[in-house]
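S.K.: okay, sequence plus prediction incoming.
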Amino acid sequence: MVESVHKLGEGTFSEVFGCVSDTGTQLAVKVIPIEGDQLYNDERQTTYEEVLTEMVITKELSQLEAQENASHFTENFLQIHRVTLAQGEYPVFLLKSWDSYAKTHVVENDRPDSFPAEQLYVVMAVENAGSAVESYQFSSVEEAVSVVGQVAGALAVGETALEMEHRDLHLSNILVRKTKQKSFTFRLDNQGFSLPSHGVKATVVDYTLSRVKQDECVSYHDLEQLPWLFEGRGDLQFDVYRDMRKITGGQWEKYHPSTNVMWLAFLATKLSDRALQLRSTARRSWRAALRPIARRISTYPSAHDAFVHLFSSDN
């Protein structure tokens, strides 16, 4: 397994590595330093309570793929394989992987080489769902539209089943890979919908800042504890955080599905901007397909409504 390890990317409070399990399964392994006194990326480390919230949310969303005939179903959230607690200095083989990644990618996280021997980590192994949408090379505009639709469908199921908000759905948190599956099924309150894949599968990942409600228990992250999140400039992503804050009024435990709409419109807008990289003839068709979607998404109050009206066909 060690020989196959390579860094896939990074989260705000974690590193993500890829590897192949002993059974041949492609995995993504998220390493989260917790409960230490040492700052990580100039911020305090994640607490037990915060990482438990993420694990609960990951498990709940993973279970939405349990039964296709269930009242709520989607296969566009991550499948969780294992969660463990580790202790010690950062392994040398992971640092080598980190360095190799840094040679070819822009890195924002601190190099994790200064953690002490008593440092604790939560290590979460999930399916490796492909490449971040920001770097994925689309073959057609139909693929891009399908990705937006699949993300809308996943969020719609999450809303209906769990009052779910993602709250951090930037382009690194949507993974894309090729698939031979012709279409995807989404079930919302026992009603089935189908969406053509056009040869790609999108998976929504990283629920660190997400919110869900199971029975009467709300799991969420108080984003007021992350003031720097609202201070960024230079990209539409940072505007979305500030817009979320306006909508919620800083009351992050409450349910505001319009935050999902903001991120869907962000995704469609960003994919529309990909047209600038294309030849003039392809550029027109790309924008003609995606710009109207971005505008129309913003008119709906929830991902559920956007998905049902813009992307789905009844089963």
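M.R.: Nice, thanks for sending it over.
S.K.: CA only for contacts and neighbour counts going forward, please
M.R.: Will do.
S.K.: just checking, what packs against the helix or strand harbouring Phe186?
M.R.: Phe186 belongs to strand 183-188 when assigned by DSSP states H and E. The helices and strands touching strand 183-188, judged by 3 or more C-alpha pairs under 8 Å, 6 or more residues apart in numbering; DSSP states H and E, are helix 141-162, strand 191-196.
S.K.: so who does the closest residue to Glu142 other than its chain neighbours touch?
M.R.: Of all residues not flanking Glu142 in the chain, His198 sits nearest, at 6.4 Å (C-alpha to C-alpha, 6 or more residues apart in numbering). Neighbour list for His198: 142-143, 146, 182-183 [criterion: C-alpha atoms under 8 Å, 6 or more residues apart in numbering].
S.K.: ok, these vs Trp263, which is closest?
M.R.: Lowest distance from Trp263 to the contacts of His198 (C-alpha to C-alpha) belongs to Ser146, with 15.8 Å.
S.K.: surely the closest one touches Ser197?
M.R.: Yes. With contact defined as C-alpha atoms under 8 Å, Ser146 reaches Ser197; the gap is 5.9 Å.
S.K.: could you chop the protein up by domain?
M.R.: Under the assignment automatic domain parsing, the domains of the chain span 2-127, 131-314.
S.K.: follow-up on the earlier one: Val261 is nearest to which of the helices and strands packed on strand 183-188?
M.R.: helix 141-162 (8.5 Å).
S.K.: by contact count, what packs against the closest one?
M.R.: Packed against helix 141-162 by the contact rule (3+ C-alpha pairs under 8 Å, 6+ apart) you find strand 183-188, strand 191-196, strand 200-204, strand 212-214, helix 258-273, helix 280-297, helix 303-310.
S.K.: which outside residues touch the third one?
M.R.: Right, strand 200-204. Against strand 200-204 from outside (C-alpha under 8 Å, 6+ apart): 75-78, 129, 143, 146-147, 150-151, 154, 169, 173-180.
S.K.: mind checking which of those land in helices?
M.R.: Using DSSP state H, 143, 146-147, 150-151, 154 are the members of the contacts of strand 200-204 that sit in helices.
S.K.: got CSV for those residues, with pLDDT too?
M.R.: Listed next are those as CSV, based on pLDDT from 0 to 100:
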residue, pLDDT
Glu143, 95
Ser146, 97
Val147, 98
Gln150, 98
Val151, 99
Ala154, 98
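S.K.: top of those by neighbour count?
M.R.: Gln150 (31 neighbours; other C-alpha atoms under 10 Å).
S.K.: how many residues are close by the closest residue in space to that one that isn't next to it in sequence?
M.R.: Closest residue to Gln150 apart from its sequence neighbours, by C-alpha to C-alpha, 6+ apart: Ala202 at 6.2 Å. By other C-alpha under 10 Å, the residues close to Ala202 number 29.
S.K.: next: the one 10 residues further on.
M.R.: In terms of burial, Val212 registers 27 neighbours under the definition other C-alpha under 10 Å.
S.K.: one step back: and the contacts of strand 200-204, which of them are buried?
M.R.: 75-78, 129, 143, 146-147, 150-151, 154, 169, 173-178 (16 or more other C-alpha atoms under 10 Å).
S.K.: need the phi and psi values for His105.
M.R.: phi -130, psi 160 (degrees, to the nearest 10).
S.K.: tell me the confidence at it?
M.R.: The per-residue pLDDT reported for His105 equals 91.
S.K.: just say which of the domains of the chain is most tucked in.
M.R.: Mean neighbours per residue, mean count of other C-alpha atoms under 10 Å, is largest over the domains of the chain for domain 131-314, with a mean of 19.
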